[in-house]
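In: Build me a model:
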Amino acid sequence: MIKYNTMKTKGLKLAIVGVVISLFTSCKMNAQNANGERKGKERPTVDEIFKQLDKDEDGKLSKKEIKGPLKNDFDKIDTNDDGFLSKEELEKAPKPERRERPRN
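Out: As a prediction, this is how the structure comes out:
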């Protein structure tokens, strides 16, 4: 009977250690993007945006290359009306406001 309780206690301790390690690892991975460059809810830099979206690597973003809020505000951001977004235009663009998520 004593041997059974000792094995049960060791198994329980091992399970707890495993759960703690899993939680720590998942929290750390969630704090980074796929490239491990940003943490938390920081906005991406202009260079990060271009790295992700500039598929043809021409140094400008066309309407075909972008998505989301950038695509919705393309005409506002494209101040020289050339049909592309440059890094300078993105740097000068107004930052979108973040919506607060309701907390449960």
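In: Could I get the full set of helices for the protein?
Out: Counting by DSSP state H, the segments of the chain that form helices are 2-30, 46-53, 69-72, 74-77, 87-92.
In: can I get these in TSV with distance to residue 61 and mean pLDDT?
Out: C-betas here are computed from N, CA, C, even on glycine. Written out in TSV, the entries for these read as follows (distance: least, C-beta to C-beta, whole Å; pLDDT from 0 to 100):
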stretch	distance to residue 61	mean pLDDT
helix 2-30	28	67
helix 46-53	6	90
helix 69-72	7	84
helix 74-77	9	90
helix 87-92	8	90
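In: could those helices be laid out in a markdown table, adding distance to residue 60 and mean neighbour count?
Out: Written out in a markdown table, the entries for those read as follows (distance: least, C-beta to C-beta, whole Å; neighbours: other C-beta atoms under 10 Å):
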| stretch | distance to residue 60 | mean neighbour count |
| --- | --- | --- |
| helix 2-30 | 33 | 10 |
| helix 46-53 | 9 | 15 |
| helix 69-72 | 13 | 13 |
| helix 74-77 | 12 | 14 |
| helix 87-92 | 8 | 13 |
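In: how about a markdown table for those helices, with distance to residue 59 added?
Out: Output for those, formatted as a markdown table (distance: least, C-beta to C-beta, whole Å):
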| stretch | distance to residue 59 |
| --- | --- |
| helix 2-30 | 32 |
| helix 46-53 | 8 |
| helix 69-72 | 16 |
| helix 74-77 | 16 |
| helix 87-92 | 7 |
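In: Cool, thanks, talk later.
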